[in-house]
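# Quick check, what structure comes out for this input:
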Amino acid sequence: SIIEDPPSTAATYTASFNLQNAKGYQVFLKYGNDNLKGSPFSLTVKPAGLCGTTSTIRGTGLTASSISPTKSAFTIQARDEYGNAKTQGIAGSSQFVVRVARTADANQQGTNGLPPMYSSTVGSVSGTLHGVFNTATNDGRFAGYYQVPATPDPGSLVHYLYGSLAHLGGVTATYYTTADGGASLSAPIDQLNDGTDATKHLNLLGTNGASLTTPDAAPTPATGLWGGQLTAADQEYIVRWTGLYQNAAQTAKYFKWDSAVATDRVKVWVDNRLVIDQWSSLDQTSLTAAYTFDAVDALYDVQVEWWRSTSSASAAVDLQESTDNTVFTDIPSDRLFYIEDISGSPYAVTVAS
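Alright, predicted model coming up:
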């Protein structure tokens, strides 16, 4: 850093520099070729804030696995936005999650760039395999494992490992139009009509808010929340919600989708299993589905595809939960997480018999 003339007669000089490598430095302060008193100074730069997309994962379990009781291992190295390895545990509510999604058909995962299970033809399997983390070591590394059961037959399934950093506070919603009237989800147009991306975070999943269901999907139609309108007035559009849901209270839960518009279409996945499939028609405007989780307070994938095929700006939609299939309530934001995929994720896993 070169210091120019002082900004005033106070003879006070100000300089700044940006260091991106976390390590030790020597800082020299000179007047001409002469060091000032105390120069050089020792400076230690520590890693910046945690970043999911630069964090890395390694281990034999990323690409190969065997049937239980074999444990397939992985280790996550937490890193900051510059790629520096973190040397302490995670502060706050963010956490790493690892899961292996299993599908029975080709092109369900990995190859088409979408999250898993975006198809009504998905195989009916016993849910996603969830990674188990070892005791925390508070050194920036997070080691764990997963196990592949013998049933259903792993040889008939496709396995992909997903590593993510989950952040508390909501899910991610992507608004997009369709090139073929919603017939295909393999290549959505994830952009606004001005060419900019249309992704934001919501504090509730399917919250009852008219601003989320108007054709421009924003309270200010001229600009929108992200700089442009979603579509023209009265034009159809699709909203994709994706994130993680924290189960609470009990393992047996019920979900209900509410929509007052008979021409709406919806698909709902829980733990990467398709639990509601009303894409070709909507048999009823209030749909329920049951799902039994394998644990309480654990995190599970949740995805929703909602197609508003006929404009109806005043009608909102809602996804709620229940423990008894009678009383349903909104899913609060303190049990919803949006995710950053770890560098390299997902990984195709080959399972040996």
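# only C-alpha atoms for contact and neighbour calcs from this point on.
OK.
# what bits of the chain have low per-residue confidence?
In the predicted model of the chain, residues 1-11, 105-126, 174-237, 284-286, 311-316 satisfy pLDDT under 70.
# how long is stretch 66-82 from one end to the other?
Start-to-end span of stretch 66-82 (CA to CA, to the nearest Å) is 35 Å.
# for stretch 240-259, same thing?
15 Å.
# Identify each buried residue in that stretch, please.
240-248, 251-259 (16 or more other CA atoms under 10 Å).
# Can you classify the closest residue to Gln20 other than its chain neighbours by secondary structure?
Leaving out its chain neighbours, the residue that sits closest to Gln20 by CA to CA, 6 or more residues apart in numbering is Tyr82, at 6.2 Å. Per DSSP: H, G, I helix; E, B strand; the rest coil, the local secondary structure of Tyr82 is coil.
# repeat for the one 5 residues further on
Of the three states, Thr87 takes coil according to three-state DSSP.
# Show the contacting residues for it.
Contacts for Thr87 were tallied using CA atoms under 8 Å, 6 or more residues apart in numbering; they are 138-141.
# What of Gly155?
By CA under 8 Å, 6+ apart, the neighbours of Gly155 are 351, 353.
# Look up how far Ala352 lies from it.
Distance from Gly155 to Ala352, by CA to CA: 8 Å.
# what are the bridge partners for Gln278, then?
On the basis of DSSP bridges, Gln278 is bridged to Val266.
# Distance check, it against Ala290.
15 Å.
# and the residue nearest to Gln20, how many neighbours does it have?
17 (other CA atoms under 10 Å).
# Could you check how far it is from Ser309?
43 Å.
# Mind telling me what element Thr172 is part of?
strand 171-176 (DSSP states H and E).
# and if you look at Phe255?
For Phe255, the secondary-structure element it belongs to, assigned by DSSP H and E, is strand 252-259.
# Go through stretch 317-332 and flag the buried ones.
Those would be 317-323, 330-332, for stretch 317-332 by 16+ other CA under 10 Å.
# If you could redo that for stretch 32-47, that was the one I meant.
So stretch 32-47, judged by 16+ other CA under 10 Å, has buried residues 46-47.
# For it, measure first residue to last.
Taking CA to CA as the criterion, the two ends of stretch 32-47 lie 32 Å apart.
# again, but for stretch 20-32
27 Å.
# those strands in the stretch 1-150 of the chain, which residues are they?
24-27, 30-31, 34-35, 41-44, 50-58, 64-66, 72-80, 95-103, 129-130, 132-133, 141-146 (DSSP state E, counting those that start in this stretch).
# so what does the one helix or strand Val239 maps to touch, helix or strand wise?
Secondary structure from DSSP H and E places Val239 in strand 237-246. Under the contact definition 3 or more CA pairs under 8 Å, 6 or more residues apart in numbering; DSSP states H and E, strand 237-246 sits against strand 171-176, strand 299-308, strand 336-341.
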